[in-house]
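K.L.:
Below are the sequence and a predicted model; questions follow.
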Amino acid sequence: MNARQKRLFEDALKKNPNLKMPAEDQRPTELTEEDMAFLKQGVGDKTSRPQQSASQAAEGDEPAPPQTGSVMTYFEEKGFGFLRPDNGGKDIFFHISRLHQGQSTELVPGAKVAYELGMDRNGKIAASSIRIVRPEETPAAQS
């Protein structure tokens, strides 16, 4: 282990005291399918992977009902914006890649949307499975 690797390990040890120093002579083990799936979550091209909501990711949890809100801002050139939840609270970040029903041209301030809560690539709360709610699709009409 060179000096840089040792310094990085010591920094990681401060954040996670249970971390074990890898043995010098230890040969790497074969990665299981589960390990490979875990590694793919954070790297590579995600376009070929199916979208998975936060409620589906947590096994054993019942899917949460979709949240509703309205578009506050959308920066088309950057591909992201913010939603204001109907039930109040902080505005929620969304990315255009999470738009499942509707067109990006419909993401104008005041447009009603339904969404699920998930996480962005930095681990912060973000909207996922976003769909534009048309006036004829009001919750009273869906019941």
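P.N.:
Good, I have the coordinates.

K.L.:
Break down this structure into its helices, ranges please.
P.N.:
In the chain, the helices defined using DSSP state H lie at 3-15, 33-40, 54-57, 139-142.

K.L.:
Among the ones you listed, show the one with the smallest mean pLDDT.
P.N.:
Note on those: helix 54-57 shows the lowest mean pLDDT, a mean of 47.

K.L.:
Report the helix or strand with the lowest average pLDDT across this structure.
P.N.:
In the chain, the helix or strand scored least confidently by mean pLDDT, DSSP states H and E is helix 54-57, which has a mean of 47.

K.L.:
Quick one: neighbours of Gly123, just the number.
P.N.:
7 (other C-beta atoms under 10 Å). From N, CA and C alone the C-beta is placed, and that goes for glycine too.

K.L.:
For it, give me phi and psi.
P.N.:
phi 80, psi 10 (degrees, to the nearest 10).

K.L.:
where does the nearest residue to Gly102 once chain neighbours are set aside sit relative to Asp91, distance-wise?
P.N.:
Excluding its sequence neighbours, the residue lying closest to Gly102 (C-beta to C-beta, 6 or more residues apart in numbering) is Ile132, at 3.1 Å. Using C-beta to C-beta, to the nearest Å, Ile132 is found at 18 Å from Asp91.

K.L.:
now swap in Pro109 and tell me
P.N.:
12 Å.

K.L.:
Between those two, which contacts overlap?
P.N.:
Common contact partners of Pro109 and Asp91 (C-beta atoms under 8 Å, 6 or more residues apart in numbering): Met72.

K.L.:
okay but Leu13 is in contact with Leu19, surely?
P.N.:
Yes: the criterion here is C-beta atoms under 8 Å, and Leu13 meets it with Leu19 at 5.2 Å.

K.L.:
For the protein, which segments count as strands?
P.N.:
67-75, 80-85, 92-95, 99-101, 112-119, 125-132 (DSSP state E).
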